[in-house]
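**Student:** sharing a model that was predicted from the sequence below.
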Amino acid sequence: MDASDFPGGPSAQGSDLGLTHLLRTADAQGLAECQSGNVDITSLLPAARPATTPARPLRVLLTTDWWEPVVNGVVASVQTLRRELMALGCEVRVLTLSQGWRTRREPGVYRLGSVSAGLVYDRARIGMPGSRRVLRDIERWHPDVIHSQCEFSTFVWARRLARTLAVPLVHTYHTIYEDYTHYYSPSRTMGRKVVASFSRRVLAGTDAIIAPTAKVSRLLRGYEVDRPVSVIPTGLDLHRFRPAADAAERADAAALRARLGIAPGQKVLLSVSRLAKEKNLDEVIDMVAAADRADAVLVLVGDGPYRHELDERVDALGLRERVRFAGVVDPAEVQRWYRLGDVFVSASLSETQGLTFIEAMACGLPLLCRRDPSLAEVVLEDRTGWQYETPEQFRAHLAQLLEDPHRREEMSLAAAEHARATCGAETFGSRVLDVYREAIGRRTPRIIAPQAVVA
């Protein structure tokens, strides 16, 4: 790889043509006498490349510990980014972990052998010592930029490859780890100090950071991370996430309701989430109990390690007739489940961006969520939904939505419109590509001709 491979052409990126230009400048100023004997010093320079040499596509390696068949926000974000970068003409490959100990290769995807780390976090995996064949293959391909999405196993590879190839390392900080202290520390204060130290150490080796929200950017500044940070929300495929468009899609939503035993006149409070403690679904169930509305059913789409505790809570509160556990659904069909809802509800405070909130909004669901700074640009008060802090606020806002069909329809339209205006995948991909180009520009050496000194 050479400087002509980068967007902007050879001279813009500091190739050997910059040195040729410097010497020719000196010759024009009458300094050609510096030649010795019959040796023409300019003949020793590499020949200039033809101006018509076609530039190849930008090569991007995405590294992530999480990939399909796992379903979570990181996987959704990386899949969207991969698709949009390819649509923009980039050549993209993914380095991730296999679901077993064997390393294997798929079209455009390297899967490194790994072992389960389920005792630490549900469905997590730890990469085994890397395959030299995979490493050599990536080095031969020679990506122009490496974009890491996780801070553990595949990040080690991302950092090693970036150093070996002398290319920029960009990192997206997806997870607010201090909200997961119950997994690794009995003290939240001590856990936050550990997270701050860990984040500084990991991110110190990066060239640029992408934060999904301003909340994450502020958090990193609080950790004293000094790398350049760009706030870029993950985009959505708005052709897929949208309200029901015809009679067939409306009938499909009605059929899903009937499958769950929901009466035609009942309203659905929908949650799409991993059933884990940090998602704070206990509070959602408590809010439904406090609202005490026989005309509303809570549908929990998803599964996870906290399912048993939530089941017990539903029974203890006598809500078995008002709560449905839908379980895991096919990621390719999750938009169908959003369309059966009337209101999206959540009490999670562990979101970096809240991708499911945006998906719900794009499908036309007003949002009723626990107040969280990360949702400030998603939940527009009294337009796309409300953020609550007390059971009284939850109950009052829910009543407005359930008892006033005209108001609910207005907010549904506003939610879908706001998603279309702010959350498109195309904008997401182009803004990330801008970060790559800036990082490449900072990395590329430049030779600048000195100004002539007038005697």
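**Tutor:** Here it is on my side, so go on.

**Student:** which stretch of helix or strand covers residue 92?
**Tutor:** Using DSSP states H and E, the element containing residue 92 is strand 91-97.

**Student:** list the contacts for the spatially most central residue of the chain?
**Tutor:** Nearest to the centroid of the C-alpha atoms of the chain, with distances taken as Cα atoms, centre = their mean, sits residue 77, at 3.9 Å. The contact partners of residue 77, by Cβ atoms under 8 Å, 6 or more residues apart in numbering, come to 149, 172, 174, 212, 234, 355. In this view, the C-beta of every residue, glycine as well, is placed from N, C-alpha and C.

**Student:** among these, show me the least confident.
**Tutor:** The member of the contacts of residue 77 with the lowest model confidence is residue 355, at 85 (criterion: pLDDT).

**Student:** number of residues surrounding that one?
**Tutor:** Applying other Cβ atoms under 10 Å, we find 23 other residues in the vicinity of residue 355.

**Student:** show me the contacts for it.
**Tutor:** Residues touching residue 355, when contacts are defined by Cβ under 8 Å, 6+ apart, comprise 73, 76, 77, 234, 236.

**Student:** which residues of the stretch 1-150 of the chain fall in helices?
**Tutor:** Here the stretch 1-150 of the chain has its helices, by DSSP state H, counting those that start in this stretch, at 10-13, 16-28, 73-87, 132-141.

**Student:** state the mean pLDDT of the first one.
**Tutor:** Averaging pLDDT along helix 10-13 gives 36.

**Student:** the second one now?
**Tutor:** Throughout helix 16-28, pLDDT has a mean value of 34.

**Student:** same question, stretch 298-306
**Tutor:** The pLDDT scores in stretch 298-306 average 95.

**Student:** can you give me the end-to-end span of it?
**Tutor:** Taking Cα to Cα, to the nearest Å, the first and last residues of stretch 298-306 lie 17 Å apart.

**Student:** what comes up buried for it?
**Tutor:** Buried residues in stretch 298-306, counted by 16 or more other Cβ atoms under 10 Å: 298, 299, 300, 301, 302, 303, 304, 306.

**Student:** measure the fourth one to residue 237 for me?
**Tutor:** I take that to be residue 301. Here residue 301 is placed at a distance of 19 Å from residue 237 (Cβ to Cβ, to the nearest Å).

**Student:** ditto for the last one
**Tutor:** Separation of residue 306 from residue 237 (Cβ to Cβ) stands at 29 Å.

**Student:** quick one: low-confidence ranges for the stretch 101-250 of the chain?
**Tutor:** Along the stretch 101-250 of the chain, the model assigns pLDDT under 70 to residues 119-123, 130, 179-188.

**Student:** rerun at 90
**Tutor:** Along the stretch 101-250 of the chain, the parts satisfying pLDDT under 90 run over 101-102, 104, 114-132, 175-194, 213-215, 233-234, 236-237.

**Student:** for the stretch 151-300 of the chain, which segments count as helices?
**Tutor:** Secondary structure of the stretch 151-300 of the chain (DSSP H, counting those that start in this stretch): helices located at 153-165, 181-184, 188-203, 214-222, 247-259, 281-291.

**Student:** distance to residue 393 added to these, as JSON lines?
**Tutor:** Supplementary listing: the helices of the stretch 151-300 of the chain in JSON lines, determined by distance: least, Cβ to Cβ, whole Å:
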{"stretch": "helix 153-165", "distance to residue 393": "40"}
{"stretch": "helix 181-184", "distance to residue 393": "26"}
{"stretch": "helix 188-203", "distance to residue 393": "25"}
{"stretch": "helix 214-222", "distance to residue 393": "21"}
{"stretch": "helix 247-259", "distance to residue 393": "27"}
{"stretch": "helix 281-291", "distance to residue 393": "10"}
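
**Student:** with mean neighbour count as added columns, please give those helices in TSV.
**Tutor:** Supplementary listing: the helices of the stretch 151-300 of the chain in TSV, determined by neighbours: other Cβ atoms under 10 Å:
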stretch	mean neighbour count
helix 153-165	19
helix 181-184	14
helix 188-203	16
helix 214-222	17
helix 247-259	14
helix 281-291	20
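
**Student:** can you say which of the ones you listed is nearest to residue 359?
**Tutor:** helix 247-259 (15.1 Å; Cβ to Cβ).

**Student:** quickly note the distance from the nearest residue to residue 115 once chain neighbours are set aside to residue 117.
**Tutor:** By the measure of Cβ to Cβ, 6 or more residues apart in numbering, the closest residue to residue 115 outside its immediate chain neighbours is residue 126, 5.6 Å from it. Using Cβ to Cβ, one gets 5 Å for the distance from residue 126 to residue 117.

**Student:** ok, those two, which is more surrounded?
**Tutor:** Legend: neighbour count by other Cβ under 10 Å for residue 126 and residue 117, higher for residue 117 (16 against 13).

**Student:** residue contacts, the more buried one?
**Tutor:** Under the criterion of Cβ under 8 Å, 6+ apart, the contact list for residue 117 reads 124, 125, 126.

**Student:** export the residues you listed to CSV and tack on distance to residue 166?
**Tutor:** Putting the contacts of residue 117 into CSV (distance: Cβ to Cβ, whole Å) gives the following:
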residue, distance to residue 166
124, 31
125, 30
126, 28
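
**Student:** ok, so of the residues you listed, who is nearest residue 106?
**Tutor:** residue 125 (16.8 Å).

**Student:** pretty sure that closest one contacts residue 152?
**Tutor:** No: shown here, residue 125 and residue 152 do not form a contact pair, counting by Cβ atoms under 8 Å, at 9.4 Å.

**Student:** what is in contact with the two at once?
**Tutor:** Between them, residue 125 and residue 152 have residue 65 as joint contacts when contacts are counted by Cβ under 8 Å, 6+ apart.
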